[in-house]
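Asker: coords below, sequence missing:
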C-alpha cells in the first residue's frame, strides 16, 4: 500500500512554523505575558497562543517566514483569517470561561532564516469586540 509523501517544502514549512511558534512563545513570556494555551483549536480555527497581559486576554496569531524580503509575514493575516480568529476567540471565551478585563488580537511575525531570528509584535493588530 502506498502512503502519500510530504514534499520537502511541506516538511521545511512545518519545521519553520514550529520554530516560529517557539520563538514567539519565548518572546511573549519575556515581555511579561502569561501563556494560557498553545495551539487551542475549534472546528473554525486554531489560535496559536492565548495569553494574559495583566488582565487583558490576548489571542495571538504567529506568522513565520524564512525571509521578509517579499512580504511581511503579518500581511498573511487577511480578513478571512481575522474572522476565523474572532470566531475561535468567541468559542474560547464560551468554553473556557476565563477571567479577564478586555481582550485583543495581536500578530507576531517571526523571520527565522539565516542569522538571528527577528520578532515583530503588533499589539491590537485588528479590532473586534469580545467579552
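Answerer: Here it is on my side, so go on. This is a predicted model, so every value here is computed, not measured.

Asker: Quick check: the gap between the closest residue to residue 45 other than its chain neighbours and residue 120.
Answerer: Ranked by C-beta to C-beta, 6 or more residues apart in numbering and with sequence neighbours excluded, the top spatial neighbour of residue 45 is residue 84, at 3.7 Å. C-beta: built from backbone N, CA, C; applies to glycine. For residue 84, the distance to residue 120 under the criterion C-beta to C-beta, to the nearest Å works out to 22 Å.

Asker: Look at the closest residue in space to residue 110 that isn't next to it in sequence and give its secondary structure.
Answerer: Closest residue to residue 110 in three dimensions, ignoring its sequence neighbours and counting by C-beta to C-beta, 6+ apart: residue 20, at 3.9 Å. Applying DSSP: H, G, I helix; E, B strand; the rest coil to residue 20 yields a three-state assignment of helix.

Asker: how deep is residue 20 tucked in, by neighbour count?
Answerer: By the criterion of other C-beta atoms under 10 Å, residue 20 has 24 neighbours.

Asker: if I look at it, how far off is residue 55?
Answerer: Computed as C-beta to C-beta, the residue 20 to residue 55 distance reads 27 Å.

Asker: One more: residue 102?
Answerer: Taking C-beta to C-beta as the measure, residue 102 falls 7 Å from residue 55.

Asker: So which of these two has more stuff around it?
Answerer: A direct count of neighbours by other C-beta under 10 Å for residue 102 and residue 55 places residue 102 higher, at 13 against 10.
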